[in-house]
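> Dropping the sequence and predicted coords here.
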Amino acid sequence: SQKIEQNSEALNIQEGKTATLTCNYTNYSPAYLQWYRQDPGRGPVFLLLIRENEKEKRKERLKVTFDTTLKQSLFHITASQPADSATYLCALDIAGGSYIPTFGRGTSLIVHP
Amino acid sequence: GAGVSQSPRYKVAKRGQDVALRCDPISGHVSLFWYQQALGQGPEFLTYFQNEAQLDKSGLPSDRFFAERPEGSVSTLKIQRTQQEDSAVYLCASSLGLDSPLHFGNGTRLTVT
């Protein structure tokens, strides 16, 4: 079956450390992968998009990698802050060219001061 | 500028009632998506519009769910004869086009009693 997997357990880290979140998928050949942030009671907010022919993308303290051989994306937040605490969702187009984003269940990140 | 606006923010319906959820997308955004999000889960795709055309409704869970976007702007998601399993947050998102980032509203939390 087709799956998008994100760690369901919360990730707890100390302020200042690098947080690394994982998104694995099976049986897809997505054209792109996106990462969103969601705070309680709010809609997801777009962070980064990486295409199938890109290995890495950066934006300020954020970095995303995309390995289409491993079928995995890693999302890094460097110098993490308590304000980074939220749920992080990955999304990809599962129908190969449909461009309709399908989301994982998200991973909760908690940054302790 | 204004983001995606959804109303009502909260809706409580008795089982069997019909409900209508409204989405005002960002002006000029061609694509509009509806997602359903259960507690602790990622958003699940319901339906997609390009302008006024509903191009994909494969995610609608039953024929009690109906969506429209008659003038290619505001969209309404209607649920007839609501059931308890319909209780969820309904998220609307718009984008400039396919493979562009999604801009989400803050959702309508529907509770069916």
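That came through, no problem.
> any idea where the strands of the chain begin and end?
Just so you know, I chose chain A. Using DSSP state E, the strands of chain A run over A:3-6, A:11-14, A:19-26, A:32-38, A:45-51, A:56-59, A:62-67, A:72-77, A:86-93, A:101-103, A:107-112.
> hm, I was asking about chain B
According to DSSP E, the strands that chain B contains are B:5-7, B:10-13, B:19-24, B:31-37, B:44-50, B:53-56, B:65-68, B:75-79, B:88-95, B:103-104, B:108-112.
> Not counting residues beside it along the chain, what's closest to whichever residue of chain A sits closest to chain B?
Closest contact between chain A and chain B, by CB to the nearest CB, is at A:Gly43 (3.1 Å). From N, CA and C alone the C-beta is placed, and that goes for glycine too. Excluding its sequence neighbours, the residue lying closest to A:Gly43 (CB to CB, 6 or more residues apart in numbering or on different chains) is B:Phe104, at 3.1 Å.
> The one you found contacts A:Pro44, correct?
Yes. B:Phe104 is in contact with A:Pro44 according to CB atoms under 8 Å; the separation is 5.1 Å.
> which residues are contacting stretch B:45-62?
A:98, A:100-102, B:30-36, B:44, B:65-72, B:75, B:77, B:90, B:98 (CB atoms under 8 Å, 6 or more residues apart in numbering or on different chains).
> what sits against the residue of chain A closest to chain B?
B:Val4, B:Leu91, B:Ala93, B:Phe104, B:Gly105, B:Asn106, B:Gly107.
> hmm, 6 Å instead?
B:Leu91, B:Phe104, B:Gly105, B:Asn106, B:Gly107 (CB atoms under 6 Å, 6 or more residues apart in numbering or on different chains).
> Give me the number of neighbouring residues for the nearest residue to A:Gly41 once chain neighbours are set aside.
Nearest non-adjacent residue to A:Gly41, counting by CB to CB, 6+ apart: B:Asn106, 7.1 Å away. Counted with other CB atoms under 10 Å in any protein chain shown, residues neighbouring B:Asn106 total 17.
> how far away is the most centrally placed residue in chain B from chain A?
For chain B, B:Trp34 is the residue whose C-alpha lies nearest the centre (CA atoms, centre = their mean; 3.5 Å). For B:Trp34, the distance to chain A (CB to the nearest CB, to the nearest Å) stands at 11 Å.
> Report the beta-bridge partner residues of the closest residue in space to A:Ala19 that isn't next to it in sequence.
The spatial neighbour of A:Ala19 that comes closest, neighbours along the chain excluded (CB to CB, 6+ apart), is A:Ile77 at 4.4 Å. Listed by DSSP bridges, the beta-bridge partners for A:Ile77 are A:Ala19, A:Leu62.
> Specify which residues of chain A, grouped into ranges, have pLDDT under the cut-off.
A:1-2, A:95-97 (pLDDT under 70).
> Assess the claim that B:Ala13 and B:Gln83 are in contact.
No. When contacts are counted by CB atoms under 6 Å, B:Ala13 is not listed as touching B:Gln83 (10.0 Å).
> Out of these two, name the residue with the larger neighbour count.
B:Ala13 (17 against 14).
> Those residues of chain A touching chain B, which are they?
A:Arg42, A:Gly43, A:Pro44, A:Phe46, A:Leu49, A:Leu89, A:Tyr99, A:Ile100, A:Phe103, A:Gly104, A:Arg105, A:Gly106 (CB under 6 Å from any CB of the partner chain).
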